[in-house]
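**Student:** test case, fold it:
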Amino acid sequence: MDQMLVAALYKFAAFPEYEEWQAPLKAYCLEQGVKGTLLLASEGINGTIAGPAEGVRKVVERLQSDERFAELNIKWSHASVPPFHRMKVRCKQEIVTMGVEAIDPNQIVGTYVAPQEWNALIEDPDVVLIDTRNDYEVGIGTFKGAVNPNLGSFREFPEWLKQRFAGEAKPKVAMFCTGGIRCEKSTAFLKGEGIQEVFHLHGGILKYLEEIPADESLWQGECFVFDERVSVGHGLVEGTYDLCRACRNPIHESDKLSPEFEAGVSCPQCFKHSSPEQKVRYGERARQMELAAQRGELHIGRKPEQDS
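**Tutor:** Coordinates of the predicted model:
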């Protein structure tokens, strides 16, 4: 039986005193036995937390006690093992990094489309369907017919959008992302560029997978999530992917059969991009993690920054 409750949440709101929240919010999360990552910025809150159901709900209730966050966008799911090893509350310039100033989803944003109405929209041949996520996320699952911009990071998306729709008079665009937050900014950006018919999946892929039965779904594959579950499928059940501990990209069982795969050291995606010195270092880290596991301890290596 699943024991860990997971809450992926965000809300854009004027939040000038966000730095004052950092220490007390982290302390409260730890008090409730909750772990994960919460990002705070002047534009709002974003993150995912997990832990005992009562503890997670208390943290969410504390956030919602501020009227600005009373209507948090939340996706609930479960995990059979702890998805996070630490609790981090970080102050940022943006709660999702797009790198374009003066974008305010509270002022301008695309049209929200409920999961139950999404299929009809994206089956319209006049609609340009765009996956706003990074390339490695798209690689393990996406909607049928979606355009992959091949993004290395969300910062690349504005320029890609400008080039894709340059000179196109009246396109009809539908966008989607994991939980909905990247679409808040990307649809706002596109509308600011003068494109009026812009739609996005309300609640993101996670809400769609939660509410739409597999036999009615246009989703293909699994959905990458930024925690130890790695991926989820329909019904938000834990997926079949693992994580390469060297490059942090998702890997499948077939990847582990490659001669370029060595647990904790490399996978087919990163083998050619890491130096012999890095492989030695990764190998030592993997060895230390295995020794810690044998002692019943937790060895946590540094994780690279990810888009939320």
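
**Student:** chain center to the longest helix along the chain: distance?
**Tutor:** When the chain is parsed with DSSP state H, its longest helix is helix 276-294. From the chain centre to the centre of helix 276-294 is a distance of 27 Å (Cα atoms, centre = their mean, to the nearest Å).

**Student:** and stretch 275-287, by the same measure?
**Tutor:** On Cα atoms, centre = their mean, the centre of stretch 275-287 falls 28 Å from the chain's centre.

**Student:** equivalent analysis for stretch 200-214, please.
**Tutor:** Here the centre of stretch 200-214 is set off from its chain's centre by 14 Å, with Cα atoms, centre = their mean.

**Student:** helices of the stretch 101-250 of the chain, residue ranges please.
**Tutor:** Applying DSSP state H, counting those that start in this stretch to the stretch 101-250 of the chain gives helices spanning 115-122, 135-138, 157-164, 181-192, 204-211.

**Student:** now for the shortest one, which elements pack on it?
**Tutor:** Using 3 or more Cβ pairs under 8 Å, 6 or more residues apart in numbering; DSSP states H and E as the contact criterion, the elements in contact with helix 135-138 are strand 223-224. In short, each C-beta sits where N, CA and C put it, glycine included.

**Student:** partners of the strand it packs on, with directions?
**Tutor:** strand 231-232 (antiparallel) (DSSP bridges).

**Student:** wasn't L30 part of a helix?
**Tutor:** Yes: counting by DSSP: H, G, I helix; E, B strand; the rest coil, L30 is found in a helix.

**Student:** and the longest helix of the chain, C-alpha only, in PDB?
**Tutor:** These are the backbone C-alpha positions of helix 276-294, laid out as PDB (Å, rounded to 0.1, in the frame of the first residue of the first chain):
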ATOM      1  CA  PRO A 276      37.500   9.200 -18.200                       C
ATOM      2  CA  GLU A 277      38.200  11.200 -15.100                       C
ATOM      3  CA  GLN A 278      34.500  11.900 -14.600                       C
ATOM      4  CA  LYS A 279      33.700   8.200 -15.000                       C
ATOM      5  CA  VAL A 280      36.200   7.300 -12.300                       C
ATOM      6  CA  ARG A 281      34.700   9.900 -10.000                       C
ATOM      7  CA  TYR A 282      31.100   8.700 -10.700                       C
ATOM      8  CA  GLY A 283      32.300   5.100 -10.100                       C
ATOM      9  CA  GLU A 284      33.600   6.000  -6.700                       C
ATOM     10  CA  ARG A 285      30.400   7.800  -5.800                       C
ATOM     11  CA  ALA A 286      28.400   4.700  -6.800                       C
ATOM     12  CA  ARG A 287      30.600   2.600  -4.600                       C
ATOM     13  CA  GLN A 288      30.100   4.900  -1.700                       C
ATOM     14  CA  MET A 289      26.400   4.800  -2.200                       C
ATOM     15  CA  GLU A 290      26.400   1.000  -2.300                       C
ATOM     16  CA  LEU A 291      28.500   0.900   1.000                       C
ATOM     17  CA  ALA A 292      26.100   3.300   2.600                       C
ATOM     18  CA  ALA A 293      23.100   1.200   1.600                       C
ATOM     19  CA  GLN A 294      24.700  -1.900   3.100                       C
END
